[in-house]
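> sequence first, then the predicted structure:
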Amino acid sequence: MGMPLAEFAVIWAAVTAASIGLFLALGLALEALNRRHPERRIQSREPSSERVRDMLASIRQLLVTCTCIALGIALQRAGWGVGPLAATWWSVPLMAAVGIVLLDAWFYFVHRLLHTRPLYRFHRPHHLNVTPTVWSNDSGHAVDTAMTHSFYVLLPLLLPVPVLSVVLVRLFDQVTAIIGHSGYEHFAGATMRWPWLGICTVYHDQHHSAFRYNYANFFSLWDRVFGTIHPRYDEEVASWEARYQTTAEARANPAE
Ligand SMILES: [Zn+2]
Ligand SMILES: [Zn+2]
């Protein structure tokens, strides 16, 4: 079973264009939102890295990610792996949900491995940003990116995942990663803390600032199971909710 190179190239180009487009569009939109809400900045420390340098570093790693995604899709289309379910109204969201849950687990364990002594040198570049920005979500070493995103090669081969579901998983992954590095907390809420498993920007921000906590990607499940959740995470989310409340009240009663 071969893989037509021309088809791989077309898929790669489409995935890459969409991915860089989303990176720039969502990054600029979040920057605008951040400017409107300076009071939502998480860390008082200034970001250490420069904007354009961060952007280019992230785009370079996006190329690695897109290669993994295109490879998985092209191999599946060439008949490798278990073969996809027909894309229907139920199979597409179901397999996307399965993919998101699995990617969260995969990311947690690979990320913990990347924090071990032999592998940390590949993950260190990502941690040079102690104060993340919208542009730093993908910056890092190619080995780091390839290890975490080889998931996208395996997913469509090992499970009957329609291509559309792969696209949804990646869309969710990229959007939440950009928000998670944005440095401003706009999404704190009751479902983002215990007893819910949702996470908001503070989660991964604490991974960058405190380093030994919050390894997971989408949900707090694995960090809670293995005791690696930041001890002040839930408290911090609740305090953001209270701060939104105070700001809203101050805006409603400017005379006070
Ligand atoms: Zn890390
Ligand atoms: Zn990060």
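Received, thanks. Since the structure is predicted, the reported quantities are computational estimates derived from the model, not experimental observations. Ligands and ions are numbered 1, 2, ... in the order given.

> alpha carbons only for contacts and neighbour counts from here, please
Will do.

> isn't Val134 right next to Gly27, touching?
Yes - the criterion here is CA atoms under 8 Å, and Val134 meets it with Gly27 at 5.5 Å.

> for whichever helix in the chain runs longest, packing partners?
With secondary structure taken from DSSP state H, the chain has its longest helix at helix 5-36. If you count contacts as 3 or more CA pairs under 8 Å, 6 or more residues apart in numbering; DSSP states H and E, helix 5-36 packs onto helix 51-77, helix 163-180.

> how about a cut-off of 7 Å?
helix 51-77 (3 or more CA pairs under 7 Å, 6 or more residues apart in numbering; DSSP states H and E).

> got the angle between whatever helix or strand comes next after the helix it packs on and helix 163-180?
Per DSSP states H and E, helix 51-77 leads on to helix 91-114 as the next helix or strand towards the C-terminus. Here helix 91-114 points in a direction 50 degrees away from that of helix 163-180 (axes from the mean of the first three to the mean of the last three CA atoms, to 10 degrees).

> which residues touch helix 91-114?
With contacts defined as CA atoms under 7 Å, 6 or more residues apart in numbering, helix 91-114 is touched by 85, 119-120, 123, 148, 151, 161-162, 164-166, 168-169, 215-218, 222.

> ditto for stretch 192-203
Residues outside stretch 192-203 that contact it (CA under 7 Å, 6+ apart) are 179-181, 185, 187-188, 191, 214, 218-221, 233-234, 237.

> drop anything exposed from those.
179-181, 185, 187-188, 214, 218-221, 233-234, 237 (16 or more other CA atoms under 10 Å).

> which two of those have the greatest separation?
Glu185 and Leu221 (20.6 Å; CA to CA).

> show the pLDDT at the residue nearest to the spatial centre of the chain.
Central residue of the chain (CA atoms, centre = their mean): Ala177, 2.5 Å from the mean position. pLDDT recorded at Ala177 is 95.

> start at 43, not 1
Got it, first residue is 43 now, which makes that one Ala219.

> do you know how far it is from Val143?
Ala219 is 15 Å from Val143, where distance means CA to CA, to the nearest Å.

> ok, Glu92 next?
34 Å.

> tell me which of the two has more neighbours.
Set side by side, Glu92 and Val143 show more neighbours around Val143, with 15 against 11, by other CA atoms under 10 Å.

> need the pLDDT of that one.
So Val143 comes in at 98 (pLDDT).

> count the residues that sit near the residue nearest to the residue nearest to the centre of the chain when sequence neighbours are not counted.
Spatially, and ignoring its direct neighbours in sequence, Ala219 is nearest to Asn179 (6.0 Å; CA to CA, 6 or more residues apart in numbering). A total of 27 residues lie near Asn179 under the criterion other CA under 10 Å.

> burial check on Pro296, number of neighbours?
Residues lying near Pro296 (other CA under 10 Å) number 7.

> SS state for it?
Assigned by DSSP: H, G, I helix; E, B strand; the rest coil, the conformation of Pro296 is coil.
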